[in-house]
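Student: okay, predicted coordinates and the sequence, questions at the end:
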Amino acid sequence: MEKYENFQIRMTEISDKYDLKDYHAFIAWFGETVLGHSDKFLLNSMCDGTHDKGVDAIFIDTDERKVMLVQSKYELKGNKSQAKENDVKLLATVRKYFSSKSGVDAILHNANSVVSRLIREAYDKIKKEKYELELVFITTHREIPNIHNIVTDTLCFKKGEYSLYFYDEIMLKFSDSLRDYTPDIGTYNLKYCDADKAIIRRKKDTLYNSWVVSVPLDDIRQLVHKYRDKLFKKNVRNFLGKSICNKGIINTLEKEQEHFWYYNNGITILTDEASIIMESGYVRLKNPQIVNGCQTVRSVEKYNGELTGALVVRIVESKNHDFINQLTLYQNTSNPVSERDLKANDPIQVRLKHQFQHKKIYFEIKRGEEFRKMKSKYPSYKLMYDDHINNEDVAKLLATVKINPHVASSKGSKHFFGEAYELIFNEKISTNEILSLVYLRDGIMESYSRKKRFHEFDWHWKFKGRAIFLALNFIYDSLPKIIDFDSKFVKTYDNLPEEEHVKVFKKFYKIMDSYFEMIYRSYKLSEETYHNTFLQAKDTYNIIRKENKTKILPLMNKTKKLFSDLLD
């Protein structure tokens, strides 16, 4: 029960910080940890006091275009008793109140002012702006046997309409949060080489106190042994393993350790507070974070031999979040760090990671934390997530429809996460917008695999990699222009019965066959001119449309009808 005791300590911290009841502290933790909401948003979403109508919080998420009604049952001891089936059913009844204005008026009869404001705002979002409604039940009680079948079969909720979190899953989320967030790790005394007392310290009248010291490698190893992953929460990437750079570090440690101080660029430690204790020869660090040099110190940690060398360490004292973000960014602009790495802590990527987590999808945004590595390191990931996607693959899909298919097939990560980043990952991007493209891409690839003639010529793999983006753009341009198409399509796709899925995609594959035939025909016609680069050219999409102008419009109309009928 040590894990739950730590969880209770966290709930107490939240309660004390915001003056919340325990069940609201529980919701605040859930909203921050699982959904990625800010504390201001969460505090404005709480339904407190009497007559709260069985709802403890109402989250109106403008990014996901979703209203979440949250009910919590917080058991102090945790996992001692089973949750009550009636509590789940009681929250389920709230759904009917949002079906009409009279239903909202009924639930607001003698409701307190906070609940009244939130429910009216939620109703307007659902009815006027077509937001989805999701009920969320969170508890530290044990799971109710067969409750998920009751929710789907008896209460008739579809995927994405009702979410349940019982003790076991809450504890999984809590354990994961300790890896994902930056907890207070206390104070550490870092020894430095003080043979001649030569240290460099910035003047007191500058913005941030900072020091440059030489630290024995063995003391660096002890620091990493003590805190491990907690030291790198603010870094743009985790340890990359046996990379060329890391092999070089190990080689220097083995053969030229006396030169390590000269060869290595050193590391940067960010800290809330720091003070130099010259008479004892150490720097006292409060909540240290290594924001540059993860590969160096991880390699030092993993080195099994004796450590006699030293390392240059720059220490910066600051609690300014904007400065910290910029420091982390600019400290990691050396050649081995990619543009994608530099966007790993971008608020949009972090938000999407939280929102996908609620959908049980692992969103890979940081090198060194790929799903295959994480589930190997933490077996609980197999229970927490049903699927995973990579933000680099997502960037290609978004570039296809937001810029041009040729960008997806001819550009790389440096472009997607560099100059084109704001075009691809704008502030309003949602998980549904991404998933709709992922689902379409998967259907296109399945269709392609069924067509043998596209696998029987030279460089067919090159044709496939580029033609799929063109096909995706044709489909995307043919979709019905209806309000909130992405969320409707994703919801329909997720809840489509198997027999219906087969039926719909049988029609989809026939349409895709025609699109691929058109792309292939134009590709072959280009053989004598610029055959090798034709599918990567900026004007290829329009050329294919022009060469197939008598066939393209009927095919696009057929595509539009298929998806309109699907969502009807």
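Tutor: Great, that's in hand.
Student: ok, Gln82 to Glu143 distance?
Tutor: Gln82 is 8 Å from Glu143, where distance means Cβ to Cβ, to the nearest Å. C-beta coordinates here come from the backbone N, C-alpha and C atoms, glycine included.
Student: what is in contact with these two at once?
Tutor: When contacts are counted by Cβ atoms under 8 Å, 6 or more residues apart in numbering, the set common to Gln82 and Glu143 is empty.
Student: start to end distance for stretch 95-103?
Tutor: This stretch, stretch 95-103, spans 10 Å end to end (Cα to Cα, to the nearest Å).
Student: ok, and what's touching that stretch?
Tutor: Val104, Ala106, Ile107, Ala122, Tyr123, Ile126, Leu133, Leu135, Glu161.
Student: at 7 Å what do you get?
Tutor: Identification of contacts with stretch 95-103 by Cβ atoms under 7 Å, 6 or more residues apart in numbering yields Val104, Ala106, Ile107, Tyr123, Ile126, Leu133, Leu135.
Student: ok, now stretch 432-447?
Tutor: 389, 394, 397-398, 401, 468, 471-472, 475, 486-487, 489-490, 493, 505, 508-509, 512-513.
Student: that one: how far from the chain's middle?
Tutor: 18 Å (Cα atoms, centre = their mean, to the nearest Å).
Student: what stretches of this protein score poorly on pLDDT?
Tutor: 1, 48-53, 179-184, 195-206, 234-244, 321-322, 324-326, 328-337, 453-459, 527-532 (pLDDT under 70).
Student: break it down into its domains, please.
Tutor: 2-180, 187-337, 347-567 (automatic domain parsing).
Student: what would those look like in a markdown table with mean neighbour count?
Tutor: Supplementary listing: the domains of the chain in a markdown table, determined by neighbours: other Cβ atoms under 10 Å:
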| stretch | mean neighbour count |
| --- | --- |
| domain 2-180 | 17 |
| domain 187-337 | 16 |
| domain 347-567 | 17 |
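Student: any idea how far Met171 lies from Glu517?
Tutor: Distance from Met171 to Glu517, by Cβ to Cβ: 53 Å.
Student: can I assume Ala344 sits in a strand?
Tutor: No. Per DSSP: H, G, I helix; E, B strand; the rest coil, Ala344 lies outside any strand segment and is coil.
Student: show the backbone phi and psi for His406.
Tutor: phi -70, psi -30 (degrees, to the nearest 10).
Student: tell me the contacts of it?
Tutor: Taking Cβ under 7 Å, 6+ apart, we find His406 in contact with Gln536, Ala537, Lys538, Thr540.
Student: CSV for those, including secondary structure and distance to Trp29?
Tutor: Formatted as CSV, the contacts of His406 follow (DSSP: H, G, I helix; E, B strand; the rest coil; distance: Cβ to Cβ, whole Å):
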residue, secondary structure, distance to Trp29
Gln536, helix, 48
Ala537, coil, 51
Lys538, coil, 49
Thr540, helix, 50
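Student: tell me which two of those sit farthest apart.
Tutor: For the contacts of His406, the farthest-apart pair by Cβ to Cβ is Gln536 and Lys538; their separation is 8.5 Å.
Student: can you give me phi and psi for Leu69?
Tutor: Per-residue torsions, Leu69: phi -100, psi 120 (degrees, to the nearest 10).
Student: what's the spacing between it and Ile348?
Tutor: 26 Å.
Student: beyond the top helix by length along the chain, next helix or strand please.
Tutor: Longest among the helix segments of the chain by residue count, using DSSP state H, is helix 498-525. On the C-terminal side of helix 498-525, the nearest following helix or strand under DSSP states H and E is helix 540-547.
Student: that following helix - contacts with which helices or strands?
Tutor: Counting contacts by 3 or more Cβ pairs under 7 Å, 6 or more residues apart in numbering; DSSP states H and E, helix 540-547 is packed against helix 460-478, helix 498-525.
Student: between that helix and helix 498-525, how many degrees?
Tutor: 90 degrees (axes from the mean of the first three to the mean of the last three Cα atoms, to 10 degrees).
Student: now helix 540-547 against helix 460-478, angle please.
Tutor: Put simply, helix 540-547 runs at 70 degrees to helix 460-478, going by the same axes, to 10 degrees.
Student: what comes into contact with helix 540-547?
Tutor: By Cβ under 7 Å, 6+ apart, the surrounding residues in contact with helix 540-547 are Asn404, Pro405, His406, Leu470, Asn473, Met518, Ile519, Ser522, Phe534, Ile552.
Student: ok, of the residues you listed, which one's closest to Arg117?
Tutor: Asn473 (43.6 Å).
Student: which residue packs closest to the closest one, ignoring adjacent ones?
Tutor: Among residues not flanking Asn473 along the chain, Pro405 sits closest, at 4.7 Å (Cβ to Cβ, 6 or more residues apart in numbering).
Student: how much space between the one you found and Glu392?
Tutor: Counting by Cβ to Cβ, the gap from Pro405 to Glu392 is 17 Å.
Student: what does Leu207 give?
Tutor: 36 Å.
Student: what of Val350?
Tutor: The spacing between Val350 and Glu392, counted by Cβ to Cβ, is 16 Å.
Student: I'd like the contacts of stretch 95-103 as TSV, with secondary structure appended.
Tutor: Listed next are those as TSV, based on three-state DSSP:
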residue	secondary structure
Val104	helix
Ala106	helix
Ile107	helix
Tyr123	helix
Ile126	helix
Leu133	strand
Leu135	strand
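Student: for those, give me JSON lines that also has distance to Phe59.
Tutor: What follows is the contacts of stretch 95-103, written out as JSON lines (distance: Cβ to Cβ, whole Å):
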{"residue": "Val104", "distance to Phe59": "18"}
{"residue": "Ala106", "distance to Phe59": "22"}
{"residue": "Ile107", "distance to Phe59": "17"}
{"residue": "Tyr123", "distance to Phe59": "14"}
{"residue": "Ile126", "distance to Phe59": "13"}
{"residue": "Leu133", "distance to Phe59": "11"}
{"residue": "Leu135", "distance to Phe59": "11"}
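Student: so which two of those are the farthest from each other?
Tutor: Ala106 and Leu135 (17.6 Å).
Student: give me the most central residue, the protein.
Tutor: Lys353 (1.3 Å; Cα atoms, centre = their mean).
Student: could you find the closest non-adjacent residue to it?
Tutor: Once flanking residues are discounted, Lys353 sits nearest to Phe363: 4.5 Å by Cβ to Cβ, 6+ apart.
Student: can you show me the strands along this protein?
Tutor: Taking DSSP state E, the strands of the chain run over residues 57-61, 66-73, 132-139, 162-165, 187-191, 200-201, 210-216, 267-271, 273-277, 282-286, 289-292, 310-317, 361-364, 387-390.
Student: could I get those strands as CSV with distance to Leu253?
Tutor: Shown next, in CSV, are these (distance: least, Cβ to Cβ, whole Å):
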stretch, distance to Leu253
strand 57-61, 49
strand 66-73, 51
strand 132-139, 48
strand 162-165, 46
strand 187-191, 19
strand 200-201, 25
strand 210-216, 13
strand 267-271, 15
strand 273-277, 27
strand 282-286, 23
strand 289-292, 18
strand 310-317, 11
strand 361-364, 30
strand 387-390, 33
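Student: and of those strands, who's closest to Val224?
Tutor: Ranking these by proximity to Val224 (Cβ to Cβ) places strand 289-292 first, at 8.4 Å.
Student: what's the spacing between Ile361 and Ser526?
Tutor: 38 Å.
Student: what does stretch 160-179 rub up against?
Tutor: The contact list for stretch 160-179 (Cβ under 7 Å, 6+ apart) reads 3-4, 7, 33-34, 78-79, 83, 92, 134-143, 147-148, 151, 229, 380, 383-384, 491, 494.
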